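>>> got a structure for you, letters missing:
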DNA sequence: AATTGACATTTGTACGTACAAAAAATATAC
DNA sequence: GTATATTTTTTGTACGTACAAATGTCAATT
């Protein structure tokens, strides 16, 4: 358990690093902090003394305590460190090794070092990672946002980076509340193409699995709805299963329930990503649903797990390594002074990769009113 | 007029610098100093705290206050970051993603964060990474040594970690100059088994490609020599090609020259690792040397590139993910106080994985003195 | 002789009171 | 309006009490 003075140190340091207290600004008096934190004045003083020793604060008798610039001059040795910080939600899973390979490759070409931290899509861990990077004084940052579809209190840190002219760029998603540079797959287009592919294969009963806390989830849902609309197919909310980072552990159970309930309603699923797509394959195997005979599935991202599974998942491309290279390239160029003509928003267009999980229903598409019963008949013949 | 605590500081510092209190010696207790100087205990503590910050003293609860050496830095304070630093030579290539996966997985189970830096097997970048970790104050470290077979001036940092009781463990190799905990593949055994396999397949003209700046290179050479010795085969230095991190870029050219010169001398190669093994395959393709008909090849480490190449390389296992997990487990246990019975040296035993790059020569092994001319005759017949 | 448990000792955290010293704010005089 | 004196505010030094946490010591037991 942290001592009280350490809680104060951490809080005040956090406020300094995030720009709540800016350099030269006077922080609340010892007496005010005593009341704010419900501690004794001695405890406040102990915290302030330690922060002064670390160069964050400077006290003046009779006047007050001010944010010092000593820590900043230490972290301001940007060109000396030649290090780029990378903050991602995960490191060794899914498409992240490929992204990191792209980043690392490009950085090595310019002899930049890489400092990498992961957040596990958790706001507290993102905060810690940001403070680490700020404290050390990285030259630039490549950041994958955490829970990008929800409000994030760490946004203050990004504003602080902007203020200190530390170039950073976001990948995979961005905070819509901020005007920041980013590189993203066109998530709308990805789901749109997936849904459109299923429509072109004769599917009219198409479900969707969505992730609610990431911006990708929102726009992949948008693409799904857009393609339904173009095909004059109605959007049914009960054909959508939504989950988030915290409920991901229960996805297997929720999928089982969802697919059982919709067994006779759906002929196809557009999944949030390949990981979810393969989870659907797994659950269908448990429920005795034949893929793709009874249910067609499309994942997204073209991850290695889609390519290496027992059944080759139909999926959409994700720029992965190229996006990593481009992000590193952007930061390097920014650091080398050529920031004027760098793009602030880059979208990558997805391409469909055919696998073994989509079945064409065109043969029985001549009479749409009998589609479901024809499907049941077809099933009895095999 | 000097404050009382400054009088104490000056007096105690003077006693330390003059040798009255020698390094490692316990100075009088707070209570005794209170009586000696006729001040309050708080005033004594203030003096001791400042001397501790300056590196002159070190206090231990329940025990006393000791004279420290002056190299002790402020980063010796206990860390509350719950972050483990990992320093590896590379991040996204070869077997490193698997190792990192193991580390990350174990750390996540205990809610530790991961901070990752790579050195590219360069001493300066290792120094930078170590300073970053020290500066931030990680709770523990997992380190893959840089140029582990050469003297490394950064060894002082590892001594500093030891002194500050920051638990760290090395993976893949260690510095033989230091008595540090480590987890390693048994590199002697790996090359020994590779060479022995070739011997058992009838090969007597066996070459070796070695890496001189890493400890693995030294011990894999040792295993090669050991197996030659057991088979009563002579060790020929001209059948060994050695390279290091800096000359790696020229490996292709040097391999071409080496394999051309030894075209009629060698029937098999034990390679430092899979990467080198596949490079040999590549060069042989250029030189028109048929694998494994004319030259058998064994790599080491069972990396994904060995499993996914056009030709499946015969190789030896490396613990990769398991070793990563064990390293993280070791550090976590150390941090949780259970340091007494943790192993200081762990070796993993390699196992041969058969591929498509080794040919058996047993049919023509009956007369060893005519082996080379028989091989030439055999070649003319095809 | 080795181990265990109880107790003493020592440092660490946190609260409080009191006064000193320097800067800032306000009042007063011109 | 400006200069000076006085008061208030804020940090700095020093004292004290109380309890927690870790280490060290010693006696009893096996």
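Nice, thanks for sending it over. Note that the structure is predicted; figures quoted are calculated from it, not measured.
>>> okay, how far is it across stretch A:282-302, tip to tip?
18 Å (C-alpha to C-alpha, to the nearest Å).
>>> where does the nearest residue to residue A:184 once chain neighbours are set aside fall, phi/psi-wise?
Leaving aside its chain neighbours, residue A:184 sits nearest to residue A:347 (5.8 Å; criterion: C-beta to C-beta, 6 or more residues apart in numbering or on different chains). C-beta: built from backbone N, CA, C; applies to glycine. When read as degrees, to the nearest 10, the backbone of residue A:347 gives phi -110, psi 140.
>>> so who does residue A:347 touch?
With contact taken as C-beta atoms under 8 Å, 6 or more residues apart in numbering or on different chains, residue A:347 is in contact with A:184-186, A:189.
>>> what do you get for residue A:117?
By C-beta under 8 Å, 6+ apart, the neighbours of residue A:117 are A:85-88, A:128-129, A:132-133, B:113-116.
>>> Could you do residue A:110 as well?
Taking C-beta under 8 Å, 6+ apart, one finds residue A:332 in contact with residue A:110.
>>> how close does it sit to chain B?
Counting by C-beta to the nearest C-beta, to the nearest Å, the separation of residue A:110 from chain B is 13 Å.
>>> and what of residue A:251?
Distance of residue A:251 to chain B, computed by C-beta to the nearest C-beta: 18 Å.
>>> Are we agreed that that residue is in a strand?
No. Counting by DSSP: H, G, I helix; E, B strand; the rest coil, residue A:251 is not part of a strand but helix.
>>> Counting neighbours, what do you get for the residue nearest to it when sequence neighbours are not counted?
The spatially closest residue to residue A:251, leaving aside those adjacent along the chain, is residue A:243, at 5.3 Å (C-beta to C-beta, 6+ apart). Counted with other C-beta atoms under 10 Å in any protein chain shown, the neighbours of residue A:243 add up to 20.
>>> Residue A:243 contacts residue A:212, correct?
Yes. Counting by C-beta atoms under 8 Å, residue A:243 does reach residue A:212; the two are 7.1 Å apart.
>>> ok, back up a step: quickly list what the residue nearest to residue A:251 is bridged to.
On the basis of DSSP bridges, residue A:243 is bridged to residue A:211.
>>> For the nearest residue to residue A:53 once chain neighbours are set aside, grab phi and psi.
Spatially, and ignoring its direct neighbours in sequence, residue A:53 is nearest to residue B:53 (6.1 Å; C-beta to C-beta, 6+ apart). Dihedral angles of residue B:53 (phi, psi; degrees, to the nearest 10) stand at phi -60, psi -30.
>>> go on, residue A:83?
phi -130, psi 130.
>>> The residue nearest to residue A:353 when sequence neighbours are not counted and DNA strand D, how far apart?
Distance criterion C-beta to C-beta, 6+ apart; nearest residue to residue A:353, sequence neighbours excluded, is residue A:315 at 5.2 Å. Distance of residue A:315 to DNA strand D, computed by C-beta to the nearest atom of the strand, to the nearest Å: 52 Å.
>>> re the thing from before, check the gap between the residue nearest to residue A:184 and chain B for me.
From residue A:347 over to chain B (counting by C-beta to the nearest C-beta), the distance is 24 Å.
>>> before we move on, what about residue A:105?
8 Å.
>>> helix or strand for residue A:356, which one?
Of the helices and strands defined by DSSP states H and E, none includes residue A:356.
>>> Please report the number of neighbouring residues for it.
Neighbours around residue A:356, by other C-beta under 10 Å: 14.
>>> got the contact list for it?
By C-beta under 8 Å, 6+ apart, the neighbours of residue A:356 are A:292, A:311-314.
>>> give me the number of residues near residue A:205?
Residues near residue A:205, counting by other C-beta under 10 Å: 20.
>>> so it sits right up against residue A:267, yeah?
Yes. If you go by C-beta under 8 Å, residue A:205 and residue A:267 touch, sitting 4.8 Å apart.
>>> helix, strand or coil for the residue of chain A found nearest DNA strand C?
Proximity of chain A to DNA strand C (C-beta to the nearest atom of the strand) peaks at residue A:62, 2.2 Å away. Secondary structure, three-state DSSP: residue A:62 is coil.
>>> Just give the number of residues close to it.
So residue A:62, with other C-beta under 10 Å, has 4 neighbours.
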